[in-house]
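**Q** just a sequence and a predicted model for now, questions to come.
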Amino acid sequence: MSRIHITTTVNGEAAEFLTDPRETLLDVLRNQLGLTGSKEGCGTGDCGACSVLLDGVLVSSCLVLGVEVQGKTVETIEGMATDGALHPLQRHFIEHAALQCGFCTPGILVAAKALLAQNDNPTETEIRYWLAGNLCRCTGYDKIVRAVQDAAAEMRGAA
Amino acid sequence: MIKVHLWSGLRRLAGGAEAVTVQAATVGQMFDAMIAAHPGLEPVIKAGVSVVIDGEVTAGGRNLAVKPENEIYLIQRVKGG
Amino acid sequence: MPKDELKAGFRLVGTRPNRPDGLDKVTGRARYGADIVAANMLHAAVVRSPYAHARIKKIDASRALALEGVKAVVTRADFPTGLTGEDWNLQENTIAGDTALYDGHAVAAVAATSALVAQDAARLIEVEYEVLPHVTDVDAAMAPDAPVIRAGNADHSVPEGMHPNVVRYIDFGHGDIEAGFAAADLVREGTYKTEATHQGYIEPHACLGQLGADGRGEMWVCTQGHWYIRRMCAAVLGIEAANLRVTPSEIGGGFGGKTTIFMEPLALALSRKAGGRPVKLVMSRAEVLRATGPTASASMDVKIGMKKDGTITAGQVNFRMQGGAFFGMSPIAEALPCAFACYDIPNLMHEGYEVLANRPKAAAYRAPGSPMAAFAVESLLDEMCRELSLDPLQVRLKNAAKEGTKSSYGPTYNRIGLVETLEATMAHPNLSAPLGPNQGRGVAAGFWFNHGGETSVSLQIGEDGTVGVSVGTPDIGGSRASIALMVAETLGIEYEAVRVNVVETGSLGVNEPTHGSRATFASGKAAVEAAESAIKQMCARAAAEWGIDPEAVEWVDGAARPAGENAGKFPPLTIGEIGAKMGGTGGPISGHHESVPGGVGASFGVHVVDVEVDPETGKSTVLRYLVVQDAGRAIHPAYVEGQYQGGAAQGIGWALNEEYIYGADGRLQNPMFLDYRIPVASDLPMIDTVIVEVPNPGHPYGVRGVGETGIAPPLAAVANAVAAASGARLRTLPLSPPKVLAAIKAGQ
């Protein structure tokens, strides 16, 4: 099958690739652009380990085709720390031991960042429902929720 | 002499007693002596059993020391996750 | 002597520093199974049986091989013959021989230049099947008319006259069971069932394997134990273990399911057939659920005798478990001794059967067997406490096993912490939280043995006094941090000066996997021993420098100091000063330790859960959850809490949602996360934890191991809470809303 040329912006930098029309955005990120921080846990949009922002909207990159990102902007976990400084969410996840195996962590961080972009003071319930599409099998979510709460407080300047 | 407690399934292969008494200084000698006295035990011991010495499930194998004052139980091999 | 007795407080043990691999894991840098590539790499795909039980009549790969980019196809014909026992099990499960034994059983595999081509090629491999009768339910598989899955698999223990699918029988007990029931005021019995569940790690199995015609190869793989991968792959392929170098990736969860092989030999066999090109093989989620380690399903009879004051006089269980179509895979031998392990009961009888069924080969899952056993026993105990109007925690305390108790499985307990755990539970504020309408509280206790296992660790002193530690137990939940804490504590240096590396099979002696709750216990204990050995050498270097006897040197706060009559005669030599000079004072300094460590300490936990049941829908909502467990000692308390919370969450999923659903055709109907529903964030409340510390005298810092016990109590605790909230006592899991609703309606 002939491959299609796509130009896009990934983590603020111009990127281009050739893709088979059957390949997902997740395939392209991982296999062509070398961005393996986004994970495939299911391939069916159920686990959220592949969460990225597409034009600022939280999506499961396993449910987006590579050809769909022509001219759009993609943000992945690799772009979350800026100028060498961790995002507050990343820092609080480490400090709260909010990860065990760490496999779901990139997707959860990207999803939590999207939450805080639209709600800087989410309740526990709001955090839990927002993250309901991101499966974690290790932690029972307790420390994840607390890390998001504390990061939000710090970002509001309340910490 | 050391006393080795058996689970019910093993007792049927060792004359029916709740425990067997053998001369041994190590787990390996203990197994050998048990098999010599009760050949029916051989396939079970060869397949692997857990030796519990003084309340601890050991995994040290044949060279572990056993003494007359130890409490020794054989139990089905236990695996972990 | 245990360090607990040497000094009361620790400088580092018990603190909560950032884990050393945290930065890699929050930035996406950490490399998991599917995250690496090799030059000239091929991609593989696997052809799997769509039938639960079928004879494989013919495999035709000619159309696949004709596809451009396809480099190799393997079938069972590419593997050696003559394997026996567990090696045969492993090979047969890796790739079917004459017969596909379950839905999803691998039949062939193909390697091609891209993953898409490999998937296309897999669809072109034509397999002709003759469908055979199948059975997936454990009780049905024991029935006289059940199809025979494989005759001749039963071992010596199975009584005559049983169906050939019954392959193991276990019985043990003590006292006089009939006299025990006669002495009781209340005797009750019940039958309890649990469905198979999956470990549900979010990372699918993945590996990158390379094997040359010379029998030498390498593998990168997500696993709990890379020496197991090496041994098992070598056996299945007929190659030499030392010629296969296995490097563990970061691991995206395991819970017991990654302690064995599934598809790894296929990657190696394809590589060998494709001229030694590396082959990457990554499972889909559906493949993970259809063909990798679920736990057993269980059908369990329990009978208990109790006096009016709550004293348990007798207990009897008869468990049936299927662990797939392979001998020895069910956790029946673990479930039985766990059933009454929490209690001091004078009269006990245990019987259990392992049964083959047309299901995937079960793998270990967190405290294998214990959750099912606890569901049955702790549910019936709860029913009896209610009938006798007794407090369920007081009854558990009254009968609790303690040091000196003859355990349910025979041996006498050493120092254990169940009583302390129950007392801490009773003191917790959750016990007095008010309950509203349709809300109920459930409690349950649980047990796990914990495990030592083969362990090899080495430790190197750097030229600047920093320390590298090489361990063979993959870090699933923070073990690098806990091992670094213990080594730094022992050496008297900073936590940040210790780097713990999980190293490949060529670097250490054989290590068992991170299983049995052993990583912090066993690798930690060996690392402390290795540190002590390095300290001895550093003291000897200092003694030589000072010209005094090595025995006259002591190690304090990261430095050698002259002791006794030499005290104060020379300024201390720090680890950094000794490290800087070691090239000229005798060469590298390293500590090394290998053993099968003794001193394993069992662990007990008690859970309390408050549930609200919606009487209109039957849906259960977990309102409040408490885990109390004896850790021995918490080296890094945050990761101990994490283990408690994670175990509880998995148990809640098992209780309420998770199950393998097989159709009448024997095919798994829910092989995706949408339908195999593990708990999501909005399903759970915060999970409160209490770490009880009854130090294990068998470990230098008192560690018992904390990973597994936490999944034992939740199944029963949730079922007991649902019964309290709704009046519906369900004895079959999961407690899905339709089931609970039907039970409520039936009781009205």
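**A** Done, it's in. Numbering: from 1, shown residues only, chains lettered A, B, ... in the order given.
**Q** all strands of chain A, in order?
**A** A:4-10, A:13-19, A:51-54, A:57-60, A:73-75 (DSSP state E).
**Q** excluding its backbone neighbours, what's nearest C:D35?
**A** A:T36 (4.1 Å; C-beta to C-beta, 6 or more residues apart in numbering or on different chains). C-betas here are computed from N, CA, C, even on glycine.
**Q** contacting residues around the one you found?
**A** A:29-30, C:28, C:31-32, C:34-35 (C-beta atoms under 8 Å, 6 or more residues apart in numbering or on different chains).
**Q** picking up where we left off before, for chain B, find the nearest of the strands of chain A.
**A** strand A:51-54 (29.0 Å; C-beta to the nearest C-beta).
**Q** mind giving me the packing neighbours of that closest one?
**A** strand A:57-60, strand A:73-75, helix A:105-118 (3 or more C-beta pairs under 8 Å, 6 or more residues apart in numbering or on different chains; DSSP states H and E).
**Q** any idea which helix or strand in chain B has the lowest mean pLDDT?
**A** Sorting the helices and strands of chain B by mean pLDDT, DSSP states H and E puts strand B:56-58 at the bottom, at a mean of 86.
**Q** do the helix or strand following that one and chain C meet?
**A** Later in the chain than strand B:56-58, the nearest helix or strand by DSSP states H and E is strand B:72-76. Yes. Counting by C-beta under 8 Å from any C-beta of the partner chain, chain C has neighbours in strand B:72-76: B:73, B:75-76.
**Q** is it true that C:P671 touches C:P294?
**A** No. Applying C-beta atoms under 8 Å as the test, C:P671 and C:P294 come out as separate, 10.8 Å apart.
**Q** between these two, who's got more neighbours?
**A** Shown here are C:P671 and C:P294; by other C-beta atoms under 10 Å in any protein chain shown, C:P294 has more neighbours (29 against 21).
**Q** what about the more buried one, distance to C:E659?
**A** 10 Å (C-beta to C-beta, to the nearest Å).
**Q** got any residues that touch both of these two?
**A** With C-beta under 8 Å, 6+ apart as the test, C:P294 and C:E659 both reach C:196-197.
**Q** out of the contacts of A:T36, which are buried?
**A** A:29-30, C:28, C:32, C:34-35 (16 or more other C-beta atoms under 10 Å in any protein chain shown).
**Q** surely B:F31 and B:A47 touch.
**A** No. Assessed by C-beta under 8 Å, B:F31 is found out of contact with B:A47, at 11.9 Å.
**Q** check contacts around the residue of the stretch 301-450 of chain C found nearest chain A.
**A** Nearest residue of the stretch 301-450 of chain C to chain A, counting by C-beta to the nearest C-beta: C:R366, 10.7 Å away. Shown in contact with C:R366 (C-beta under 8 Å, 6+ apart): B:81, C:199, C:255-256, C:647, C:650, C:707-708, C:711.
**Q** from the chain's centroid, how far away is stretch C:668-683?
**A** 20 Å (C-alpha atoms, centre = their mean, to the nearest Å).
**Q** one step back: the residue of the stretch 301-450 of chain C closest to chain A and C:I711, how far apart?
**A** 4 Å.
**Q** which stretches of chain B form helices?
**A** B:8-11, B:27-37, B:42-47 (DSSP state H).
**Q** name the SS class of C:R231, please.
**A** helix (DSSP: H, G, I helix; E, B strand; the rest coil).
**Q** ok, back up a step: intersection of neighbour lists for C:R366 and C:I711?
**A** Common neighbours of C:R366 and C:I711, using C-beta under 8 Å, 6+ apart, are C:647, C:650.
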